[in-house]
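Peer 1: Fold the following, please.
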Amino acid sequence: MTIALTSPVTGAAQTGLTSPTFTVTADTAPPGNPGKQYAVTALGGTQSGVVTHSVAAPFTTNFTRPAILKTLGPLNPITNVPRATAPNKYSQITRKGVLPLAGQPYQVMVARTDTEVPAGADVADPTSVRSCLSFHNGAMAQQSAGYGDTCVNGIL
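Peer 2: Sure thing, here's the model as predicted:
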């Protein structure tokens, strides 16, 4: 995997946050969720009330790939169409301890992006794979504040 977060991570625009940055350190992923994980150890910019990673309030992001990468299967001898192959699934999951009510213990919020790449597309159409991801991440970055607003106020 070519994931290698450099610290600090510049946060995308969000309502109420000014120039957010996140200092990260490499972490060990939890069992059953292998990959490259990073924990937020310091905050920059204006992020009033936000806490960094702790046992009670985790603040991590974890990138994973399939344990066994799939390749395009053999062609059906009658139809000349590749046999069905499950896609390769890549994921990013971010966990953040949040307070559900003042004075209550933290609960874990989860943000997840899954990317399923059909086996064979990595060879036959890598530019389209990259284009899809470019658009996906660009759209999320462009709409980051609006997405955050939606997660807070429920208005889409």
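
Peer 1: what's the single longest helix in this structure?
Peer 2: The longest helix of the chain (DSSP state H) is helix 126-142.

Peer 1: Contacts made by it with the rest, please.
Peer 2: 12, 113, 115, 117, 121-122, 147 (Cβ atoms under 8 Å, 6 or more residues apart in numbering). All C-beta atoms are positioned from the backbone trio N, CA, C, and that covers glycine.

Peer 1: Same question for stretch 143-152.
Peer 2: Contacts of stretch 143-152 (Cβ under 8 Å, 6+ apart): 12-15, 140, 155-156.

Peer 1: what phi and what psi does the backbone show at residue 16?
Peer 2: Dihedral angles of residue 16 (phi, psi; degrees, to the nearest 10) stand at phi 90, psi -10.

Peer 1: Tally up the residues packed near it, please.
Peer 2: Neighbours of residue 16 under the rule other Cβ atoms under 10 Å: 13.

Peer 1: For the contacts of helix 126-142, work out which two are farthest apart.
Peer 2: Based on Cβ to Cβ, the longest span within the contacts of helix 126-142 runs between 122 and 147 and measures 28.3 Å.

Peer 1: returning to what we had before: in the contacts of stretch 143-152, find the pair that's most separated.
Peer 2: 12 and 155 (19.2 Å).

Peer 1: Which one of the two is surrounded by more residues?
Peer 2: Neighbours were counted for residue 12 and for residue 155 using other Cβ under 10 Å; residue 12 has more, 16 against 7.

Peer 1: Helix, strand or coil: sort out the more buried one for me.
Peer 2: coil (DSSP: H, G, I helix; E, B strand; the rest coil).

Peer 1: If anything else comes up later, I'll come back, but that's it for now.
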